[in-house]
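>>> generate coordinates for the sequence data below:
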Amino acid sequence: MAVNTFVKDCDDPNPLIRALAVRTMGCIRVDKITEYLCEPLRKCLKDEDPYVRKTAAVSVAKLHDINATLVEEQGFLDSLRELLGDSNPMVVANAVAALTEINESSSTGKPLIEMDTATINKLLTALNECTEWGQIFILDNLSSFNPKDDREAQSICERITPRLAHANAAVVLSAVKVLMKYMEMMGQDTDFVTNISKKLSPPLVTLLSSEPEVQYVALRNINLIIQKRPDILKHEMKVFFVKYNDPIYIKLEKLDIMIRLTSQANIAQVLSELKEYSTEVDVDFVRKSVRAIGRCAIKVEQSAERCVSTLLDLIQTKVNYVVQEAVVVIKDIFRKYPNKYESIIGTLCENLDTLDEPEARASMIWIIGEYAERIDNADDLLESFLDNFNDENSQVQLQLLTAIVKLFLKRPTDTQELVQQVLSLATQDSENPDLRDRGFIYWRLLSTDPAAAKEVVLAEKPLIAEETDLLEPTLLDELICHIASLASVYHKPPTAFVEGKVGLKKMLPARAAGDTDSDQEVAGATIIPEPGSLIGDLLDMDIGGAAVPRGQGGAPAPDLLGGGLDQLLAGGPPEPTAAGGSNSLLGDIFGMGGSAHAGYVPPKQVWLSADKGKGLEISGTWSLRSNIIHMEMTFSNKAMQAMQGFGIQLNKNSFGLVSSQPLSIPLLNAGQTLDISLPMSCTGAVQKMDPLTNIQV
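Got it, this is the predicted structure:
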């Protein structure tokens, strides 16, 4: 009865009644109703009144969600395409919104309706006359369109650029998204791209004059934009200076952007601001300001001395949380510039008693262990931490164990008791498996081959990277395509926080030929596994051995270092020991005792399935042979034709892993399976991943 009434109302003389009837029928999510909706909807899509047509366009998307097959069979998609050329801009906008919704629900991962140049020109014509929401729908649709050449891309950019002056922040950010994508297609060095970059700066700066909530969204998007193109805002540092009445979330985000824009030209100005921020009353903001000073020192080498001087001034304030943050960042400065600023260690040691936070205590312990040979009372300082060893945070315990072993290797004559004490605490009294395992490894190293222990523990460490918190490049490219959405605020792809339908995966297009970054080599073939199937855990190589019985109650502690201590003190080479002797408590961990044991190799896992690799399946694992990491891979061609032109490239990762030699597979015939062992080295660029062991290939 009700359905018949709605069908009858679709022929009512009043356009508002007709629109309301078709909208209501579209909202009734019952399959049996859909067959009654088809004819009224077809009439309304061609109604003489634009209000009815725009309502009908949205109803098509609702109907597609209920019964996609029916929409395709009844030709409603073609009707929507015709509405893209409608004379009324609101009808065009709603048609675009409906098509976008339908495309994103595509089960095949491909858009059901492809846009062509003629359709895009119609959308651009309607853009100027649409409401704000209509403009956003059209701009979002344009961001999914790939122009056929630079000339077409430039033409679209010129017609979109006036949207940058719009009063609505969402329209501005949507226009920025389209321009960022098309700039990527046109390369870096063209005059047109340079001009567009200059035009992007003023609207982004203007957004920072809005209310705090809009400011925050703008800042999160700006954070992505300057990671991709820092030149856009390199002269606008002052607008990111913190105001006294900014909410804390705005202050922290501005601080992050300030560091990204810091350069030799503006470092003096930035340091002056940061020092001022360090005297604020908000503890979280002060902590981040102190850390920012350290990041400046690491990023701009010429200003490192000035930054260190500023940190020393802050330590003299004796404010507890300021001192602790300063110690943490000074540790990073020491790692970036070894043997350069050791003169300040004395000042740090004076504040040792005030450190009560785990990270600050661990940082101070690392500094003492790293420069133990230059600190006369290093053994006394480290011994003071041992009194409450079992009550310390695991981070502090691990750092203390390593620092005392370093001290022992540098000054073995007077620290024997200290190292035996810490190894006993770590291996016998601790319930932490990480601490116990590290203690056993040090124990085994020191007792079998002290020379090898020196090479391992006192090895030269790689310098830390300038920017350790940059987003991974493929993730950044995806997020740039989602500017002005929740993904750009969370800095996570939509798949990470949207359940169910994930829609089409958006990525920036490849740049023009010959215009790649100088520090990146483009491989012939690149495999990027999805986040859930990234290559396995590097730390999963389970180095096992015989269990060590704990000391019995009342029995004297065993000599943890055995004969290794005498060898270290005497400076002579170690004598070979039997595999089951008292010095072989963990078995031959590193193959130093003459054993042929090569370590555990995890079974191969499927890294790239055949359905995702267009017939190419890759399984793999990691192995350690002759102290060289190998990537063991099995390539299986499950397609109907031969494959060739293979290449491999590892993105920046936490370990600096890169392939030592090119991937050599001349031809992989249909049905053929080939095993490849590729040696790796740790000489590549380092970038912290989340989680730490993720590696993208």
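>>> test my guess that residue 662 contacts residue 649.
No. Taking CB atoms under 8 Å as the definition, residue 662 is not a contact partner of residue 649, at 10.3 Å. (C-beta placed from N, C-alpha, C; glycine too.)
>>> which of the two has more neighbours?
Taking other CB atoms under 10 Å, residue 662 and residue 649 do not tie; residue 649 has more neighbours (17 against 12).
>>> for the more buried one, phi and psi?
Backbone torsions of residue 649, given as degrees, to the nearest 10, read phi -150, psi 130.
>>> and the pLDDT for it?
Here the pLDDT value assigned to residue 649 is 82.
>>> skip the chain neighbours and tell me the closest residue to residue 3.
Distances taken as CB to CB, 6 or more residues apart in numbering place residue 36 nearest to residue 3, at 5.1 Å, with adjacent residues excluded.
>>> try residue 445
Nearest one to residue 445, counting by CB to CB, 6+ apart, is residue 453 at 3.9 Å.
>>> can you name the next helix or strand after the lowest-mean-pLDDT helix or strand in the chain?
Among the helices and strands of the chain, helix 563-570 carries the lowest confidence by mean pLDDT, DSSP states H and E, at a mean of 48. With elements assigned by DSSP states H and E, the helix or strand that comes after helix 563-570 is strand 605-608.
>>> how much distance is there from that following strand to the middle of the chain?
Using CA atoms, centre = their mean, to the nearest Å, the distance from the centre of strand 605-608 to the centre of the chain it belongs to is 22 Å.
>>> helices of the stretch 151-300 of the chain, start to end?
Listed in chain order, the helices of the stretch 151-300 of the chain (DSSP state H, counting those that start in this stretch) span 169-186, 191-207, 212-228, 248-261, 267-277, 283-299.
>>> packed most tightly, which of the ones you listed would that be?
helix 169-186 (a mean of 23; mean count of other CB atoms under 10 Å).
>>> now do it: distance to the chain's middle.
How far helix 169-186 lies from its chain's middle: 22 Å, per CA atoms, centre = their mean.
>>> just want the angle from it to helix 191-207.
Using axes from the mean of the first three to the mean of the last three CA atoms, to 10 degrees, the direction of helix 169-186 lies 160 degrees away from that of helix 191-207.
>>> before we move on, back to that, show me what counts as buried in whichever helix or strand the residue nearest to residue 3 is part of.
Using DSSP H and E, residue 36 sits within helix 31-45. Across helix 31-45, burial judged by 16 or more other CB atoms under 10 Å covers 33-34, 37-38, 40-41, 44-45.
>>> turn the helices of the stretch 151-300 of the chain into TSV, columns for distance to residue 132 and mean pLDDT.
Formatted as TSV, the helices of the stretch 151-300 of the chain follow (distance: least, CB to CB, whole Å; pLDDT from 0 to 100):
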stretch	distance to residue 132	mean pLDDT
helix 169-186	6	90
helix 191-207	15	90
helix 212-228	14	93
helix 248-261	24	91
helix 267-277	36	90
helix 283-299	35	90
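>>> where does this protein dip in pLDDT?
Scanning the chain for pLDDT under 70 picks out the ranges 1, 106-112, 188-189, 466-468, 499-505, 507, 509-599, 692.
>>> give me the most central residue, it.
residue 471 (3.7 Å; CA atoms, centre = their mean).
>>> packing partners of the helix holding residue 36?
Where contact means 3 or more CB pairs under 8 Å, 6 or more residues apart in numbering; DSSP states H and E, helix 31-45 is packed against helix 2-9, helix 15-27, helix 50-66, helix 68-73, helix 76-83.
>>> pull the distance from the first one to the chain's centre.
On the basis of CA atoms, centre = their mean, helix 2-9 sits 54 Å off its chain's mean C-alpha point.
>>> give me the contact list for that helix.
17-18, 20-22, 24-25, 33, 36, 39-40 (CB atoms under 8 Å, 6 or more residues apart in numbering).
>>> same check, this time on the second one
Contacts of helix 15-27 from elsewhere in the structure, counted by CB under 8 Å, 6+ apart, are 3, 6-7, 9-12, 33, 36-37, 40-41, 44, 47, 49, 51-52, 55-56, 58-59, 62-63.
>>> gap between that helix and the chain center?
46 Å.
>>> in three-state terms, label residue 676 for me.
Put simply, residue 676 is strand when judged by DSSP: H, G, I helix; E, B strand; the rest coil.
>>> is it true that it touches residue 662?
No. Counting by CB under 8 Å, residue 676 stays clear of residue 662, with 11.3 Å between them.
>>> residue 631 versus residue 657, what's the distance?
9 Å (CB to CB, to the nearest Å).
>>> which neighbours do the two share?
residue 680.
>>> picking that back up, the residue nearest to the centre of the chain belongs to a helix?
No. Per three-state DSSP, residue 471 lies outside any helix segment and is coil.
>>> next, give phi and psi for it.
Given degrees, to the nearest 10, the pair of backbone angles that residue 471 has is phi -70, psi 150.
>>> what sits against the closest residue to it other than its chain neighbours?
What sits nearest to residue 471 in space, not counting adjacent residues and going by CB to CB, 6+ apart, is residue 227, at 6.2 Å. Shown in contact with residue 227 (CB under 8 Å, 6+ apart): 260, 470-471, 476.
>>> roughly how far apart are residue 227 and residue 3?
Plainly put, residue 227 is 54 Å away from residue 3 if you go by CB to CB.
>>> out of the helices and strands packed on helix 31-45, which is closest to residue 324?
Nearest to residue 324, of all those, is helix 50-66, at 54.4 Å by CB to CB.
>>> determine which of the helices of the stretch 151-300 of the chain approaches residue 405 most closely.
For residue 405, the closest of those is helix 283-299, at 26.6 Å, according to CB to CB.
>>> just the CA trace of the closest one, in PDB.
This file holds the C-alpha atoms of helix 283-299, laid out as PDB (Å, rounded to 0.1, in the frame of the first residue of the first chain):
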ATOM      1  CA  VAL A 283      55.300  20.100  30.700                       C
ATOM      2  CA  ASP A 284      54.400  18.100  27.600                       C
ATOM      3  CA  PHE A 285      55.100  21.100  25.400                       C
ATOM      4  CA  VAL A 286      58.400  21.900  27.200                       C
ATOM      5  CA  ARG A 287      59.600  18.300  26.800                       C
ATOM      6  CA  LYS A 288      58.900  18.300  23.000                       C
ATOM      7  CA  SER A 289      60.600  21.700  22.700                       C
ATOM      8  CA  VAL A 290      63.800  20.300  24.300                       C
ATOM      9  CA  ARG A 291      63.700  17.300  22.000                       C
ATOM     10  CA  ALA A 292      63.200  19.700  19.100                       C
ATOM     11  CA  ILE A 293      66.500  21.400  19.900                       C
ATOM     12  CA  GLY A 294      68.200  18.100  19.700                       C
ATOM     13  CA  ARG A 295      66.600  17.300  16.400                       C
ATOM     14  CA  CYS A 296      67.800  20.700  15.100                       C
ATOM     15  CA  ALA A 297      71.400  19.700  16.100                       C
ATOM     16  CA  ILE A 298      71.100  16.400  14.200                       C
ATOM     17  CA  LYS A 299      69.500  18.000  11.100                       C
END
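>>> on contacts alone, who are the packing partners of it?
Helix 283-299 packs on helix 248-261, helix 267-277, helix 304-315, helix 320-336, going by 3+ CB pairs under 8 Å, 6+ apart.
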